[in-house]
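Enquirer: the sequence and its predicted three-dimensional model are supplied below.
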Amino acid sequence: MKIILEHLTKVFENKKAGRRVVAVNDLNVEIPSGKLIGLLGPSGCGKSTTLFMLSGLEEPTSGRIYFGEDDVTDLAPEKRGIGLVFQNYALYPHMTVEQNIMFPLLNMRIKKDAAKVRAAEAAKLVQIEDLLLRKPSELSGGQQQRVAIARALVKFPSVLLLDEPLSNLDARLRLQTREEIKRIQKETGITTVFVTHDQEEAMSICDSMLVMKHGILQQAGVPQDIYDDPANLFVANFLGTPPVNIFEGEIKDHKVYIGDECVQECPFEDQLIYVGIRPEGFIVDANGPLTLLKDHIDVMGRDKSIVSVHPASTKPFVRSIIDSDIQLPTTETIKFSLKPNKVFLFNRETEVRLRVEEETTPEVEVA
């Protein structure tokens, strides 16, 4: 099921308090059929509001929502053909797993025997077929999550909507469950929209993602492409662990300066900029143009170390990821050269990325 959002906007107004909050601002997106799409951004960016408008639980202030060729903007949630999984799972504690999964089918007046068969199929898909007679209180958090997904899938929905589905799980279960969600989505081919604030989570399982801030779409595309080619400072900052390193810089005579050091040439006019450097973009080089003060070293494992350094004039740490077998100088300073494809330049005022090609409106169709 293809999803199209046209000029989708949601405004919350508190007339008594005189407050007006634009939660989603003129969102235009086309989501292809059969893909797993992540809505990503910090708290308050509008991602859950977007999901609730897709589900019918929130009414748009303006704009339209299409599932395929059908305008579903004014349809009730139960008529949209969706499966919805909430952050807190919302299982009925007095019912067994089987009864929880069957519940929406019985509401649809499907006969009990047929509902039992479909519940068993859904349980098998999420690998909880041995738990059908248990109550939710007898299940782990990951198992409860699978019950909630099975209950959403048992209706054979055209669209599956997941609202922060892993936030209540511990780190190990989060990793395991997100892999399961990816497997289930691939097996069923259901168009799935997955809301999360965890960029690592989104990048690991989503075919494509939408990065949002203050209700406005910042960038859309394949996760790795967005990481490698951020549209603005916010997107560059939001994606990556450790995060991108940001320096205040300046372009003079087509050269990029950090402090007094020229770190590379560029085709742009003179201006104040931010220089973003991914941690993996540093190369220890005795003849490199960038000099930083060594602070401490964290060993990540057998292959990599994080070397924390900082400019002479400021104290914020700069984190560089280097191979563990590289011999670091014993001096207080380390000189680096930079990988060009890991260096991003942003206008200091607008925070928009400086690009060699002519600036165009970012593509928002998620392929």
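Expert: Yep, that arrived. Since the model is a prediction, treat every value here as computed from it, not as a measurement.

Enquirer: show me the domain layout of the chain.
Expert: When the chain is parsed with automatic domain parsing, its domains come out as 3-233, 246-347.

Enquirer: comparing those domains, which comes out most buried?
Expert: Burial of these is given as mean neighbour count (mean count of other CB atoms under 10 Å); domain 3-233 ranks first at a mean of 18. Bear in mind the C-beta positions are built from the backbone N, C-alpha and C, glycine included.

Enquirer: and the helix or strand where T192 lies, which strands flank it?
Expert: T192 is part of strand 191-196, with elements assigned from DSSP states H and E. In the sheet, strand 191-196 lines up against strand 36-40 (parallel), strand 159-163 (parallel) (DSSP bridges).

Enquirer: lowest-confidence stretch among the domains of the chain?
Expert: Note on these: lowest mean pLDDT is at domain 246-347, with a mean of 88.

Enquirer: from start to finish, how long is it in a straight line?
Expert: Using CA to CA, to the nearest Å, the gap from the first to the last residue of domain 246-347 comes to 12 Å.

Enquirer: next one: stretch 84-97
Expert: OK, stretch 84-97 end separation, CA to CA: 17 Å.

Enquirer: check which element follows the strand holding T192 along the chain.
Expert: helix 199-205.

Enquirer: how long is stretch 79-98 from one end to the other?
Expert: End-to-end distance for stretch 79-98: 24 Å, by CA to CA.

Enquirer: report the buried residues of stretch 236-244.
Expert: By neighbour count with 16 or more other CB atoms under 10 Å, stretch 236-244 contains the buried residues A236, N237, F238, L239, G240, P242, V244.

Enquirer: where does V211 fall, secondary structure wise?
Expert: V211 belongs to strand 208-213, assigned by DSSP H and E.

Enquirer: where along the stretch 51-200 of the chain do the helices fall?
Expert: Here the stretch 51-200 of the chain has its helices, by DSSP state H, counting those that start in this stretch, at 97-107, 112-125, 141-153, 171-188, 199-205.

Enquirer: T73 is nearest to which of those?
Expert: Distance to T73, taken as CB to CB, is lowest for helix 141-153 among these, at 21.6 Å.

Enquirer: which elements pack onto that closest one?
Expert: Contacts defined by 3 or more CB pairs under 8 Å, 6 or more residues apart in numbering; DSSP states H and E place helix 141-153 against strand 82-85, helix 97-107, helix 112-125, helix 171-188.

Enquirer: now those in a markdown table, please, with extra columns for distance to Q264.
Expert: Below are the helices and strands packed on helix 141-153 laid out as a markdown table (distance: least, CB to CB, whole Å):
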| stretch | distance to Q264 |
| --- | --- |
| strand 82-85 | 47 |
| helix 97-107 | 58 |
| helix 112-125 | 51 |
| helix 171-188 | 38 |
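
Enquirer: for I37, find the nearest of those.
Expert: helix 171-188 (10.2 Å).

Enquirer: CA atoms of the closest one as CSV?
Expert: Extracted in CSV, the C-alpha atoms of helix 171-188 (Å, rounded to 0.1, in the frame of the first residue of the first chain):
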residue,chain,number,x,y,z
ALA,A,171,19.5,-2.9,25.1
ARG,A,172,19.8,-6.7,24.3
LEU,A,173,16.0,-7.1,23.8
ARG,A,174,15.9,-3.9,21.6
LEU,A,175,18.5,-5.3,19.3
GLN,A,176,16.8,-8.7,19.1
THR,A,177,13.3,-7.3,18.6
ARG,A,178,14.3,-4.8,15.9
GLU,A,179,15.8,-7.6,13.9
GLU,A,180,12.5,-9.5,14.4
ILE,A,181,10.5,-6.5,13.2
LYS,A,182,12.7,-6.3,10.1
ARG,A,183,12.2,-10.0,9.4
ILE,A,184,8.4,-9.8,9.9
GLN,A,185,8.1,-6.8,7.6
LYS,A,186,10.1,-8.5,4.9
GLU,A,187,8.1,-11.7,5.2
THR,A,188,4.7,-9.9,5.1
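
Enquirer: any idea how far that helix is from the chain center?
Expert: 15 Å (CA atoms, centre = their mean, to the nearest Å).

Enquirer: can you check what angle separates that helix from helix 141-153?
Expert: If you take axes from the mean of the first three to the mean of the last three CA atoms, to 10 degrees, helix 171-188 sits at 20 degrees to helix 141-153.
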